[in-house]
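here you go, sequence then predicted model.
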Amino acid sequence: MQEFYTNYIQTILIIIIWVVFSLFLILMISMNIALKFKQHQLFADLYQAHYAWLYHWLLKKLRQNEQAEDVAQDTFMRILYAQNFENITHPKSYLAQTATRIIIDQARRKQIEQAYLDYLTAQDQQYEIETPESILLAVELLERVARMLDGLPEQPRQIFLMRYLEGLTQLQIAEQLNISRRMVQGALAKAIQHCDQILQHD
């Protein structure tokens, strides 16, 4: 009889532990979903509230409408990858600093590219030797991009690839596709929002 009660109590304890553990898992999953939703909402709010301000701020600095639009889009793409929305206490200052770094990076990249082209010309080289590491990195990057673009409508996908893979400006994309620059900007915004949702589930 005593053994029966002992087994009974052990069974009850196991059930209680299982229920508590299940509730803990449900709580953790719910908190994770809530956090991802909050991050997505924060990014969407940031984009909607400050894109126009950032564009006009860049337009004053760069004095080129096309370049201002491109840098503004690139700024939000960089913030999207950073996944650090909750710590942005001064959005305009943060956006301006990020955009400034992008402009500096672009200038440096152009200098590096030009120096590399000059080197290739001097060495009479036509092909870049790819290492296994660089090939693997490129494949991983393409897989990540493909995953992010999966499920995206054809036109936003095409415009996203033309902008960030081929390096075309918004004006060049609009001219090639025979659409307005506003449509290009809208498609890029849609693609960025889609990528944000995919990254939240990675």
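Alright, I've got the coordinates.

ok, how many other residues are close to the nearest residue to residue 51 once chain neighbours are set aside?
Nearest residue to residue 51 in three dimensions, chain neighbours excluded: residue 72, at 6.3 Å (Cβ to Cβ, 6 or more residues apart in numbering). C-beta here means a position set from N, CA and C on the backbone, and glycine is covered the same way. For residue 72, the count of nearby residues is 27 (other Cβ atoms under 10 Å).

please name every helix or strand in contact with whichever helix or strand residue 72 is part of.
Here residue 72 sits within helix 65-82, counting by DSSP states H and E. If you count contacts as 3 or more Cβ pairs under 8 Å, 6 or more residues apart in numbering; DSSP states H and E, helix 65-82 packs onto helix 2-62, helix 91-123, helix 154-164, helix 170-177, helix 181-200.

OK, contacts around the residue nearest to residue 51?
Shown in contact with residue 72 (Cβ atoms under 8 Å, 6 or more residues apart in numbering): 51, 54, 55, 58, 99.

likewise residue 59?
Counting by Cβ under 8 Å, 6+ apart, residue 59 has contacts 65, 68.

from residue 181, how far off is it?
Counting by Cβ to Cβ, to the nearest Å, the separation of residue 59 from residue 181 is 14 Å.

any regions of the chain where pLDDT drops low?
Within the chain, the stretches with pLDDT under 70 are 1-39, 83-86, 108-147, 196-202.

go again using 50 as the cut-off
The model of the chain has pLDDT under 50 over residues 33, 116, 119-120, 123-127.
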